[in-house]
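Student: A structural model of the following input is requested.
(2 chains)
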Amino acid sequence: MKPERLLQTGSPRARELLASLAEDVPPDPTGGAERVLRALDLPTSGAPRPSNSLGRGPRRYFSLAAIVVGVIGVTSFATLMVDRHAPLDTAAAPLVQAVDPAVASPNEAMNAPPAPEAASENAAASSPSVDVHALATAPSPNAHASAPARVTRTAPVTTTNAPPPPAARETPDELQLLERAQTAAARGRAGEALALVAEHRREFPRGSFSMEMSVIEVEALAREGRIDEAARRGERLLESHPASPYARRVEAVIRLRDRKDLPR
Amino acid sequence: MPAQALQFELSSAPRTSELELDRNTRLSDLVRDKYSFVWRSLRRLGVPHADVDDAVQEVFLEARRRLDDIPRGTEAGFLFRASSFVAKRVRRRQVRRREVGDEGLDGSVDTRTPEQHAVQSQAREALQQILQAMPDEFRDVFILFEMEQLTKAEVAAALDLPEGTVSSRIFRARRFFERAVQRQSSR
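Tutor: Below you'll find the predicted structure:
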């Protein structure tokens, strides 16, 4: 029995986007392969093989894509309503990839590709790559460092003179913001990551990626040396989403505080 | 003794060249069979169009280096993992280039025709944006299962994962994807 694919079972727009993958064809597969062979000092003679190495991929994709595009062409899309009260997505895997210098080299990482669960554990154990003994002295808490006012998911703050609601800014804006925060966090720019998290909280009080942003915030706070604050936020996060796949990473930050507080 | 040593040398030389020939043949076959797969994977992993050719070479250079460690029949999995690492490296270089303000000065040229650019850019860019925001673990299984249309067992073998983990990640990746699509469409 063939497994169901999103290309068949997804929403119309999802199928449309996936159909665009049919265009992922090298402009010159034969020439490209020949160039690689030359780079490897290998003989370039001989007919090139078909490009779908796995026996599927583009060929099947093209036929399916043609069908889908044809269907979409005669189908009118319903306006997709945003579910403003959708719960936080707790099932997405951690977005924050702790930059682990140990795997900066692909050689090391490919020697024994770790099982992703183990990799997550390893990353969680070492994330956010902050050793408590190497931490800078945490700055004195001040008004600016205190937690910003949290906008509840059900009661956005509005006044009679409030600017237009955040509905004007939707994804891809939210996605772009998330990506920028991820990049900043991965590059160790914790301050920038926190600013982006704050912006997200303002602009997308009921955003789809609030969970991901919260995890970025916890790790960025830890990276800035604000361990206690990071741990508190992490604990709140875990209380409300105990089964979140981010749990291990958040717990790693909490453990930093616990280790820091251990008597020496 | 010298005669024996010489005999040993004479008998080992052909064997060495046979091994080398076998290795080269295997590598050549790999390039021809998997070139497009690697190309597609790199694109979907976020490597810009202008950088893909170089990235493909990096992947196969790594394959040559590690060929003896790749069990036969598992080449696709190795190449995908290698592509994933090369793609990350390319993206890090891009971030550094943006930081020093020389984006666009690297001589890269978009070789797509205007028609290609117009036809594929909107949906393809929207898709890529979602893929970029997707967690790496989700993206890998999503690419292999939904795009390359591998079975779950094949995805598990390629990524060295239990099948249950693959199933779970496919489910989560789909949910992430649909949610992002919904957000995009609602504007």
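Student: distance between the ends of stretch B:141-155?
Tutor: 7 Å (C-alpha to C-alpha, to the nearest Å).
Student: residues near B:Arg43, how many?
Tutor: Neighbourhood size, B:Arg43 [other C-beta atoms under 10 Å in any protein chain shown]: 25. (Each C-beta comes from the backbone N, C-alpha and C, glycine too.)
Student: hang on, it packs against B:Val52?
Tutor: Yes. Look at B:Arg43 against B:Val52 with C-beta atoms under 8 Å: they come within range, at 6.0 Å.
Student: need the contact list for A:Gln176.
Tutor: For A:Gln176, the contacting residues are B:Gln129, by C-beta atoms under 8 Å, 6 or more residues apart in numbering or on different chains.
Student: In chain A, what helix or strand scores lowest on average pLDDT?
Tutor: The weakest-scoring helix or strand in chain A, judged by mean pLDDT, DSSP states H and E, is helix A:116-126 (a mean of 40).
Student: so what pLDDT did residue 49 get?
Tutor: Reading this off chain A. Looking at A:Arg49, its pLDDT reads 55.
Student: The chain in question should be chain B.
Tutor: Here the pLDDT value assigned to B:His49 is 84.
Student: Report how many residues lie close to it.
Tutor: For B:His49, the count of nearby residues is 17 (other C-beta under 10 Å).
Student: And it, its phi and psi?
Tutor: phi -50, psi -40 (degrees, to the nearest 10).
Student: Would you mind measuring from it to B:Val90?
Tutor: Distance from B:His49 to B:Val90, counting by C-beta to C-beta, to the nearest Å: 12 Å.
Student: same thing with A:Ala14?
Tutor: As defined by C-beta to C-beta, A:Ala14 lies at a distance of 27 Å from B:Val90.
Student: Compute the number of surrounding residues for B:Arg93.
Tutor: A count of neighbours around B:Arg93, defined by other C-beta under 10 Å, yields 12.
Student: so where does it fall, helix or strand?
Tutor: Following DSSP states H and E, one finds B:Arg93 within helix B:75-100.
Student: For that helix, could you pull out the residues that count as buried?
Tutor: Within helix B:75-100, the residues scored as buried using 16 or more other C-beta atoms under 10 Å in any protein chain shown are B:75-91, B:94.
Student: Which ones, among the residues you listed, also lie beside chain A?
Tutor: By C-beta under 8 Å from any C-beta of the partner chain, the members of those lying near chain A are B:Ala76, B:Phe78, B:Arg81, B:Ala82, B:Phe85, B:Val86, B:Arg89.
Student: Could you report the pLDDT at B:Asp140?
Tutor: Looking at B:Asp140, its pLDDT is 95.
Student: what's the following helix or strand after the least confident helix or strand in chain B by mean pLDDT?
Tutor: Ranked by mean pLDDT, DSSP H and E, the weakest helix or strand in chain B is helix B:114-133, scoring a mean of 74. Counting by DSSP H and E, the next helix or strand C-terminal to helix B:114-133 is helix B:136-142.
Student: Name the nearest residue to A:Asp173, ignoring sequence neighbours.
Tutor: A:Glu203 (7.5 Å; C-beta to C-beta, 6 or more residues apart in numbering or on different chains).
Student: Neighbours of that neighbour, how many?
Tutor: The burial count for A:Glu203: 15, using other C-beta under 10 Å.
Student: likewise B:Ser17?
Tutor: For B:Ser17, the count of nearby residues is 10 (other C-beta under 10 Å).
Student: give the contact list for it.
Tutor: Per C-beta under 8 Å, 6+ apart, neighbours of B:Ser17: none.
Student: Please name the residues that touch B:Arg91.
Tutor: With C-beta under 8 Å, 6+ apart, B:Arg91 has these contacts: B:Gly46, B:Val47.
Student: which SS state does A:Pro4 fall under?
Tutor: That one is not Pro; residue A:4 is Glu. Under DSSP: H, G, I helix; E, B strand; the rest coil, A:Glu4 falls in the coil class.
Student: Having no further points to raise, I will conclude here.
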